[in-house]
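S.K.: Make a model of this:
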Amino acid sequence: MTFSILVGDIGGTKTTLSLYDERQDYHHPIVEKSYPSNEYSSLEDIIAVFIEEEHPQNLDYASFGVAGPVVKQVAQITNLPWKIDAAVIKNTFDLKNVWLLNDLESIAYGTFVLRNEDVFVLSDKEENPAGSIAVIAPGTGLGEAFIARNADGFIVNPSEGGHSDFAPLHQLQADLLNHMLKTYDHVSFENVCSGMAFKNLYGFLKDSGKAVEPDWLTAEIKEIGDVGPVVSKYALAPVEGAEICEMTLQLFVEILAAECSNMALKMLTSGGVYIGGGIPPKILPLFEKYNFIDVYAQKGRFANLVLSFPIKIILNPRTPLLGAGYYVSLHL
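M.R.: Okay, here's the model as predicted:
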């Protein structure tokens, strides 16, 4: 007897749904489609459209990675007015079972089924198959999770580590912290290491006089309406006058490196540190240019320990879907 599995990656901007047969390779769905999340009033509405257009047959199981905390299989999406309840979805579509995962949980599960071509290796140290794994994902925000292993298998743990206190590595970062404390009661790593952080980093360099913003750059940012794409553009392809963009991305990469090694120390990640999220694959050359590994290693007498762990950047944007699918296979 075969059955069908629906998996989803539910975000504030878009919702992607994928359909699989029993035990199918999760890298190759039968059908996959994305929907603009804010054009629908609920996940149930999107599922109904997907079924009508792509699969007018009964579904059996479903698993969704959602951008928000999951409590007792109910989730409030962080950037949408959606409440997602696994029991409601199960009853609405007459499914055998439904599972909700935090989006970082789904990425963490996805690391188990990534192929060689799905990652960029920053440090090719030998992976301990029994070792813990850390997952950090700078996207719109900064997500973190970890995988603990033992003789009986493994446990994937979500966290809100991205909201832990930002700790400066050097004087420029200390100046950044002091600058931000004028506006924020609490400065977290997410405030300085995420998509939303580009505005903070760039604004600090500009307002403090550490760097100059020429008029043409001001106009381009205003036209686009977002600092992030502009600073990334000129950090990857520098032009005279846009040094502030390079400085912004250097701060970003250094702060990400420090938080990766913080996680490596706290979790002893001999199984590896995986860097996910939408930003890292877009700025790959900057990890070498801004000496990511050297900054990552700034852990005093524990430098050799963190350097002994493998580090990989996740390139496959479908990793949350892979993880949601893999989670189903573990529970059938």
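
S.K.: Work out the gap between stretch 72-84 and the centre of the chain.
M.R.: 18 Å (C-alpha atoms, centre = their mean, to the nearest Å).

S.K.: Give me the buried stretch members for it, please.
M.R.: For stretch 72-84, burial by neighbour count (16 or more other C-beta atoms under 10 Å) applies to 73, 75, 77, 80, 82, 84. Just so you know, the C-beta spots here come from the backbone N, C-alpha and C atoms, and that holds for glycine as well.

S.K.: Please report how far the first one lies from residue 66.
M.R.: Meaning residue 73. 11 Å (C-beta to C-beta, to the nearest Å).

S.K.: which strands and helices sit next to the helix or strand where residue 108 lies?
M.R.: Using DSSP states H and E, the element containing residue 108 is helix 103-110. Contacts defined by 3 or more C-beta pairs under 8 Å, 6 or more residues apart in numbering; DSSP states H and E place helix 103-110 against strand 4-10, strand 61-66, strand 133-138, strand 142-150, strand 153-159, helix 319-330.

S.K.: Given the next helix or strand after that helix, what are its sheet partners and their directions?
M.R.: Note on helix 103-110: by DSSP H and E, the next helix or strand toward the C-terminus is strand 119-123. With DSSP bridges as the test, strand 119-123 is paired with strand 311-314 (antiparallel).

S.K.: now what about the strand it pairs with, what contacts it?
M.R.: 107, 110-111, 114, 118-123, 125, 260, 272-277, 280-281, 284, 287, 293, 296 (C-beta atoms under 8 Å, 6 or more residues apart in numbering).

S.K.: Output the helices and strands packed on helix 103-110 in CSV, with mean pLDDT, mean neighbour count and distance to residue 189 appended to each entry.
M.R.: Putting the helices and strands packed on helix 103-110 into CSV (pLDDT from 0 to 100; neighbours: other C-beta atoms under 10 Å; distance: least, C-beta to C-beta, whole Å) gives the following:
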stretch, mean pLDDT, mean neighbour count, distance to residue 189
strand 4-10, 94, 26, 23
strand 61-66, 96, 26, 21
strand 133-138, 97, 28, 9
strand 142-150, 93, 21, 6
strand 153-159, 91, 16, 12
helix 319-330, 94, 24, 21
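
S.K.: Make JSON lines out of those and add distance to residue 54.
M.R.: JSON lines is the format used below for the helices and strands packed on helix 103-110 (distance: least, C-beta to C-beta, whole Å):
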{"stretch": "strand 4-10", "distance to residue 54": "10"}
{"stretch": "strand 61-66", "distance to residue 54": "14"}
{"stretch": "strand 133-138", "distance to residue 54": "28"}
{"stretch": "strand 142-150", "distance to residue 54": "29"}
{"stretch": "strand 153-159", "distance to residue 54": "29"}
{"stretch": "helix 319-330", "distance to residue 54": "15"}
